[in-house]
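Enquirer: Need a 3D model of the following:
(one chain, ligands or ions: 1)
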Amino acid sequence: MLRSTFTPILSTIRSNSKIPKVSFPVFNASLQTPPTVRRNASPDQSSPLLAYQSPPTSAYVHLPFCRKRCHYCDFPIVALGSSSHQTQDDPRIFNYIQLLCREIEATKTESINNPPLETVFFGGGTPSLVPPELVSSILETLRLKFGLCSDAEISIEMDPGTFDARKMIELLKLGVNRVSLGVQAFQEELLRACGRAHGIDEVYEALEIINSCGVENWSMDLISSLPNQTLEMWEESLGLTVKAQPTHVSVYDLQVEQGTKFGVLYTPGEFPLPSETQSAEYYRMASKTLSNAGYNHYEISSYGKSGYECKHNLTYWQNRSFYAFGLGSASYLDGTRFSRPRKMKEYMSYVHNLENAMVDNDVDSHVDAKDMAMDVVMLSLRTCRGLNLKCFRSEAFGSSFVPSLCKAFRPYVKSGHVVCLDDQRRALTADEFDSVLSSGHEIEEVVAFIRLSDPDGFLLSNELISIAFAAISP
Ligand SMILES: C[S@@+](CC[C@H](N)C(=O)[O-])C[C@H]1O[C@@H](n2cnc3c(N)ncnc32)[C@H](O)[C@@H]1O
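Expert: Reported below is the predicted structural model:
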């Protein structure tokens, strides 16, 4: 999903926030300072600190068309107009896809031995507005350029009201095998307040199509903390989500973005938005309801049935490299994040320049290992697996990082927000952790992983990640 693609990861860390607030996921972010890393690090690709060195096997493709802009949305989109159900012959879509394919073709690859793509994610915008034959041409261009594994995970974001069973079947025939359905809420009044181009009837129609077409792997997006959303409404949305039986659920806490309609109308924490305490309650309720229904809460905002974690998004959390194509999308190649222009005209010039070898987006900049460490800390602590401390033992961070981090987290281990685990992933009790810290023993010998607890540690993630940053860069 594109939330991931456009919002700087670092912007989610609000070091001065007083009350726990969960930031919704932002992954393949356009970081303000693109981090790169020393090239002389040891080639242990299993370490997230070095994972970026492996050639990319994932591609994000941005399809920006929407019928209209939702009131919370600040993504780079092209609003086609509410009545635009027939997108078959829309030249705006056709021309964009041609441009996008040119971008893919003009992209430099590191070597001829690059592995084929294992994941492709069509994010938006509303990719389900794009006619399947154009989706097919993108897939074919990717296949010719990079190769595509026969069992690649191919995800597409779809909006209720923009597809019928015929379109769904055509997409499945092309190899699309994962659907991400943007439902957001199950209450007509909330959908209307969000400026969604669909109502609740279209939500149920979309669920029916997904079921009848036999889509096995699909995700539902929900937003919590919407204006005038009550705890009862949220409970109802979660209950109906569980009833619909998606294999994956993404729960995002509303981000009120500047420049959006919500940004003009509302101030976070003030009525009719829920207070931060209420938002935290919504988060706890989601975690409890979905966990009880058999979903693993594998990342701050992501829940999946076993085996249905989103492989594409795992690329982001594991600090692995990925391609990105299309308006405003951000790639992560060779340790460098690069954002494409968000405006169509500029994106057109970008593609033109790329074709004429006038874009230099692979500068061999030597950015410090600390920047990469911060990325890894932030990405890892968002996951239930947590941070693998082993990769921080290298001399690049000196010997003090792990002990400093453990000391800084001491009160949070005690309060239950942070969990320390040994190399067998057994959680240490707070007393065990305390006695290792006080004994003068090498803490690295005992603590192998650190993770945030679910839900309270995740709720404090911004603060806890800031504390970890301070341990890296005192
Ligand atoms: C790229 S958007 C999906 C677009 C798709 N057309 C739709 O509206 O469902 C991915 C998801 O990000 C979430 N999202 C977008 N903007 C958000 C915001 N400001 N706050 C919270 N969640 C947001 C929504 O749940 C949305 O489904």
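Enquirer: residues from the chain in reach of the ligand?
Expert: Within the chain, the residues that sit near the ligand (Cβ under 6 Å from any ligand atom) are 1-3, 24, 66, 70, 72-73, 75, 123-126, 157, 159, 182, 184, 221, 223, 252, 254-255, 257. Backbone N, C-alpha and C define where each C-beta goes, glycine included.
Enquirer: Quick one: buried ones out of the residues you listed?
Expert: Buried members of the residues of the chain next to the ligand, counted by 16 or more other Cβ atoms under 10 Å: 1-3, 24, 66, 70, 72-73, 75, 123-126, 157, 159, 182, 184, 221, 223, 252, 254-255.
Enquirer: How many residues are close by the residue of the stretch 301-450 of the chain found nearest the ligand?
Expert: Closest approach between the stretch 301-450 of the chain and the ligand, counting by Cβ to the nearest ligand atom: Ser301, at 8.9 Å. By the criterion of other Cβ atoms under 10 Å, Ser301 has 24 neighbours.
Enquirer: was I right about it contacting Tyr252?
Expert: Yes: Ser301 lies in contact with Tyr252 (Cβ atoms under 8 Å); the separation is 5.6 Å.
Enquirer: Using the three-state scheme, assign whichever residue of the chain sits closest to the ligand.
Expert: Proximity to the ligand, evaluated over the chain using Cβ to the nearest ligand atom, is greatest for Gly182 at 1.6 Å. Using DSSP: H, G, I helix; E, B strand; the rest coil, the structure places Gly182 in strand.
Enquirer: Not counting sequence-adjacent ones, nearest residue to it?
Expert: Once flanking residues are discounted, Gly182 sits nearest to Asp221: 4.7 Å by Cβ to Cβ, 6 or more residues apart in numbering.
Enquirer: is that neighbour in a bridge, and if so with what?
Expert: With DSSP bridges as the criterion, Asp221 is bridged to Gly182, Ser250.
Enquirer: ok, now how distant is it from Phe94?
Expert: Between Asp221 and Phe94 the computed distance is 27 Å (Cβ to Cβ, to the nearest Å).
Enquirer: repeat for Thr87
Expert: From Thr87 across to Phe94, the span is 10 Å (Cβ to Cβ).
Enquirer: go on, Trp317?
Expert: Note on Trp317: its distance to Phe94, by Cβ to Cβ, is 35 Å.
Enquirer: So between these two, which is more surrounded?
Expert: Between Trp317 and Phe94, Trp317 has the larger neighbour count (other Cβ under 10 Å), namely 24 against 16.
Enquirer: what's the first-to-last distance across stretch 415-423?
Expert: Counting by Cα to Cα, to the nearest Å, you get 22 Å between the two ends of stretch 415-423.
Enquirer: so where's this protein uncertain?
Expert: For the chain, the stretches with pLDDT under 70 are 1-46, 82-86, 111-112, 361-367, 394-399.
Enquirer: Name the single longest strand found in it.
Expert: What stands out as the longest strand in the chain, according to DSSP state E, is strand 148-158.
Enquirer: Look up phi and psi at Glu346.
Expert: Backbone torsions of Glu346, given as degrees, to the nearest 10, read phi -70, psi -30.
Enquirer: would you list every one of the strands in the stretch 151-300 of the chain?
Expert: Applying DSSP state E, counting those that start in this stretch to the stretch 151-300 of the chain gives strands spanning 178-184, 218-224, 248-253, 296-299.
Enquirer: who touches the shortest one?
Expert: Spelled out, it's strand 296-299. Contact with strand 296-299 is made by 25, 287, 290-291, 303-306, 309, 313, 317, 382-385, 454-455, 458, as judged by Cβ atoms under 8 Å, 6 or more residues apart in numbering.
Enquirer: if you set the cut-off to 7 Å instead, what comes out?
Expert: 25, 287, 290-291, 303-304, 306, 309, 317, 382-384, 454 (Cβ atoms under 7 Å, 6 or more residues apart in numbering).
Enquirer: just stretch 268-288 next, same as before
Expert: 19-22, 224-225, 227-229, 231, 234-235, 238, 251, 253, 256, 266, 297, 454-455, 459.
Enquirer: count of neighbours near Lys390?
Expert: Look at Lys390: counted by other Cβ under 10 Å, it has 15 neighbours.
Enquirer: Isn't Val359 up against Asn353?
Expert: Yes: counting by Cβ atoms under 7 Å, Asn353 is a contact partner of Val359 at 4.8 Å.
Enquirer: out of these two, which sits in the more crowded spot?
Expert: Taking other Cβ under 10 Å, Val359 and Asn353 do not tie; Val359 has more neighbours (18 against 13).
Enquirer: and that one, what helix or strand is that in?
Expert: Here Val359 is covered by no helix or strand, with elements defined by DSSP states H and E.
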